[in-house]
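In: Give the three-dimensional model of this entry:
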Amino acid sequence: MAGRLPWNSGGRSRHGNNSTLPIYNEKPRNRTPSRERLDNDSYDDSDYDEYSTTSSPGTGNSRHTSTSTSLAVPILSKPRLPISRGPGRPYFYRLPNKVIRYLCFGLVSFIILLILTLARASHNENRAHADGTTTKKPSPPHIWEAYPKLTRYYGGIRTLVSVSENKPEYPRAEDEVALDKLPKVATTPKSGEALARGIGPSKEFDAHPKSVFQTKPEPIKACFLDSDHKVRVPPIRYYEGRTSGFPEPVLGAHDIFGFPEDICFERYGRYGAYGLGYSTRTGGFGTGEHGDREGSESTWQTVPRVDWRSMNWAEAQQRCYKANAERYKPLPDRQPTPHGFFVDDIISPKVLANRDIVPESEIPKGHTIPDEKVTPEDPLDETPVPDVGDTEASTPAVPVMEEKPKGAKGNVLPRTAVVVRCWDEFLWREEDVMNMRSLITELVLATGGRYDVHLLVQVKNDAAHPIWADSNVYKRRIDEAIPAEFRGLVTLWTETQMLALYQGIFDLWARGPDLPVHGVYRGLQMAMQYFAYMHPEYDYYWQWEMDIRYTGHYYDLFSKMEKWAKEQPRKGLWERNSRFYVPSVHGSWEDFKQMSRVQTEIGVKGADNIWDGVPGHEKDSNIGDKPIWGPERAKDPKDWLEPDNDPVPPTSYEKDKYVWGVGDEADFITLNPMFDPERTTWGLSDDITGYNEADGIGKPPRRAQIITASRLSRTLLLTMHKETAFLKHHAFPEMWPGTVALQHGFKAVYVPHPVYIDREWPTEVLAQTLNNGKNGATGGSRSSVFGDREHNLEGLTWFYRNAFSPDLYRRWLGLSVENVGGEEWELVVDQSKNDTSIEEMRGGEGRMCLPPMLLHPVKDVQLPVEEIVPETKIPESDPAA
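Out: The predicted structure follows:
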């Protein structure tokens, strides 16, 4: 044990019992200031205490007790040994505290500056959104934009072929050869052949075997434009066949309505009767006298041209109704107008008077003054009328009233008002007047007064035009805004008028503060509701728009849609209403009805339920829906209006054999599907107010349709009127009629009229895209086409936003759009082009010829018109000069 230190006899060694470490005495080194600073800033001795021998575990001294290490001996300081740093533990330089403080201060300042910058950017973006000045990056092109455009819509009249011989460019089966791959002789005539071909004779539409005048003739008395019963409107004319390769409609069908599908109309046969194609000096527009005109004179071969310069449509409609009044139901009493006390109420009639006021002694023979109606509120005073004398000065002025036609008591034929919406700042062009003339002629004069056409005109600035304060201002505003021939058809309305009528509606401001609930955008139906209330002489009201065009006969369209809607059974009706009908995919209409029923009852896998059944996923949608059968009311009974008056199904849904509803007139007819806006991305799906939504009730059941053009029954409009006035219920105009019809169980029908598309969509893809909502419908799901996916509808001829309809219509009228169409294009063949696209069409086929189709929207069509040169009087020469 020689050489063993006494204080180390009982201690533990890190390397064993008998191991000893050699002790080296470090030679003193010269310490530089830098090394001294490094030593001071480096780790101190306490950092290495854990490596001392007294605290290091040993493997051989585990049996030694603590008494051996607690000897009272002085503790000598140990020499500092250098710590070797392995390659895995590099030595880092430690920054001075002053530098670290500067770095921390800079980092905190940067974070604060970043937060302020982001807050400022967020504020600017929100303000830009509110101001509508945001600039978005152009979105990538949609998939459908890669589909090629169809060209044979623009074929000319010199390529007419029969429907049986026509090879439609679209849609075509997958195994069919594309039209542009077929030999040229099988599609369109070769260059020069079209010009060499003559044009066959046109024919009057009234005599067509499938026209409504032949399939359902009615004994009516002829109506004329003038009071002398001499001036008639020439009938519109058509050509047999279709232009070669003309596509078939992708939505809807002709045969289910009985529309003639083997004919087409060119511009002179359609509008020549209404002023197109002849000079203003003879009463025309002085337009349409260019381009291909061969055969246009046949329009006036049986009935001469009409001089439209002194036309008054209000008087023409009144004469037509009076001549056929015995066909219709008796006219009801008008709504009484609230008024105060008038001292001459005893002798003045409470009816709407004519403008001309004449003395009673000058009333023509055969004219009578209607007796005043006795009402409980204002009983007739039996006091005899005092004698006012026989002098002209003392003769009371009374309105001249012709005897009011009462109608036949045994007749129940209803009458319909076609209400065309307009506004006082609308710029009337020649084409708008031409379309309005055709609408009135074909719906009023051709039917013996079964329809009446009204203009419901909004005065946008009633502060500048106080029409309710002065009757002269009312009349002057009509004279300033409306062409002379239509002024008698006008009913003015304003937003402040609707605000006064329908007070107390809770406004959700769904489109911001600039679009209130009583405005024309969100409260458009209010004016229609009040119009129906004030016009009880009509059973039905077509809501029409100034930018709708129809290339066929209006009465043929309206009557056949109404007849088809009347024949529809109620069973499965709401389910069929919610789907687009694609004949090339769905087959016949009966096949479509069966498919709709199966999808509703069994369900369809879609984007809203694709994960149902996966473990861990909460099922949020049901497979299959309960069919709608009867009223679908709101959950709170306080939101019900006169529920006892609603129709009740006679049997259960299962027992009905598609009988209930057949033969009943439809209360609501739409031209687009009625979809369920729940869960869709449609921006106005929640714009419904006045209902109880508390306690988890949520929004009431509702339906919507895009484009407000529709037919509404008086029952439906008055129910909407009462719901808005008394219960303060309201919804967006495209959602309110369908919602009221759904909640009250009224009969609503979507008519699948023929709709065309501009591109060569795969039909299966199109059908899936359009009916991509819940269980194969158009709505009820975020994947609905209505909302964020509405761009897929922009290529249709019937939608509120598209470029196809206006371009097609303008080229049909002989105008050039993007160098396609126009006089030269119709008459000259461009041999440098190859007919592979619209821009590469050679032309020279004559003017376009379109089958009957609805087009929307068509706005601001400017036709080239001849200049009206005022007549100048030439002074007569003096013979004596």
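
In: Centre of the chain to stretch 704-716, how far?
Out: 13 Å (C-alpha atoms, centre = their mean, to the nearest Å).

In: actually stretch 412-425, sorry about that
Out: 20 Å.

In: Pull up the distance across it, start to finish.
Out: Using C-alpha to C-alpha, to the nearest Å, the end-to-end distance of stretch 412-425 comes to 40 Å.

In: what does the average pLDDT come to for it?
Out: Stretch 412-425 shows an average pLDDT of 94 in the prediction.

In: again, but for stretch 580-592
Out: On average, stretch 580-592 scores 96.

In: Please point out which parts of that stretch sit buried.
Out: 580-586, 589, 592 (16 or more other C-beta atoms under 10 Å). The way it works is simple: take the backbone N, C-alpha and C, and place the C-beta from them, glycine included.

In: can you give me the offset of that stretch from its chain's centre?
Out: 24 Å.

In: Quote the end-to-end distance of that stretch.
Out: One end of stretch 580-592 to the other measures 10 Å (C-alpha to C-alpha).

In: hmm, who's touching that stretch?
Out: For stretch 580-592, contacts defined as C-beta atoms under 8 Å, 6 or more residues apart in numbering pick out 171, 248-253, 256, 576, 579, 595, 673, 752, 763-764, 766-767, 770-771, 778.

In: SS state for the closest residue to residue 501 other than its chain neighbours?
Out: Nearest residue to residue 501, sequence neighbours excluded (C-beta to C-beta, 6 or more residues apart in numbering): residue 530, at 6.0 Å. State at residue 530, reduced to three classes by DSSP: H, G, I helix; E, B strand; the rest coil: helix.

In: swap in residue 661?
Out: Residue 661 - assigned by three-state DSSP - is coil.

In: who's in contact with the nearest residue to it once chain neighbours are set aside?
Out: Excluding the flanking residues, the one nearest residue 661 by C-beta to C-beta, 6+ apart is residue 570, at 3.4 Å. Contacts for residue 570 (C-beta under 8 Å, 6+ apart) come out as 629, 649, 656, 660-661, 747.

In: right, and the pair among these with maximum separation?
Out: 656 and 747 (14.1 Å; C-beta to C-beta).

In: Neighbour count for the two, which is higher?
Out: Between residue 656 and residue 747, counted using other C-beta atoms under 10 Å, the more crowded position is residue 747 (22 against 17).

In: Tell me the pLDDT of the more buried one.
Out: 97.

In: next one: residue 616
Out: 64.

In: Also residue 178?
Out: On pLDDT, residue 178 comes in at 61.

In: again with the one 3 residues further on
Out: We note a pLDDT of 55 for residue 181 in this prediction.

In: for residue 608, same thing?
Out: So residue 608 comes in at 70 (pLDDT).

In: And it, how close does it get to residue 127?
Out: 36 Å (C-beta to C-beta, to the nearest Å).

In: Okay, buried residues for the lengthiest helix in the chain please.
Out: Criterion DSSP state H: the longest helix present in the chain is helix 97-131. For helix 97-131, a neighbour-count test (16+ other C-beta under 10 Å) marks nothing as buried.

In: Tell me which strands whichever helix or strand comes after it pairs with, and in which orientation.
Out: Later in the chain than helix 97-131, the nearest helix or strand by DSSP states H and E is strand 160-161. Using DSSP bridges, the strands paired with strand 160-161 are strand 242-243 (antiparallel).

In: just the CA coordinates of stretch 839-847, formatted as CSV?
Out: Extracted in CSV, the C-alpha atoms of stretch 839-847 (Å, rounded to 0.1, in the frame of the first residue of the first chain):
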residue,chain,number,x,y,z
GLU,A,839,-63.8,31.4,-88.6
GLU,A,840,-62.9,29.2,-91.6
MET,A,841,-66.4,28.8,-93.0
ARG,A,842,-66.4,29.7,-96.7
GLY,A,843,-69.8,31.3,-96.8
GLY,A,844,-71.8,31.7,-100.0
GLU,A,845,-74.7,29.5,-98.8
GLY,A,846,-77.3,32.3,-98.5
ARG,A,847,-78.9,33.7,-95.4
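
In: contact partners of that stretch?
Out: Residues contacting stretch 839-847 (C-beta under 8 Å, 6+ apart): 151, 154-159, 188-189, 191-192, 194-195, 199, 243, 266-267, 291-292, 294, 812, 814, 818-820, 824-831, 833-835.

In: on that earlier part again, I'd like to know which of the contacts of stretch 580-592 are buried.
Out: Buried among these (16+ other C-beta under 10 Å): 171, 248-253, 256, 576, 579, 595, 673, 752, 763, 766-767, 770-771, 778.

In: Of those residues, which belong to helices?
Out: Filtering these for helices - DSSP H - leaves 576, 595, 763, 766-767, 770.

In: which two in the residues you listed are spaced the farthest apart?
Out: Maximum distance among these (C-beta to C-beta): 19.4 Å, for 576 and 763.

In: Look at residue 797 and report its pLDDT.
Out: On the pLDDT scale, residue 797 gets 97.

In: Start the count at 19 instead of 1 going forward.
Out: All set: I'll call the first residue 19, so the last point we hit is now residue 815.
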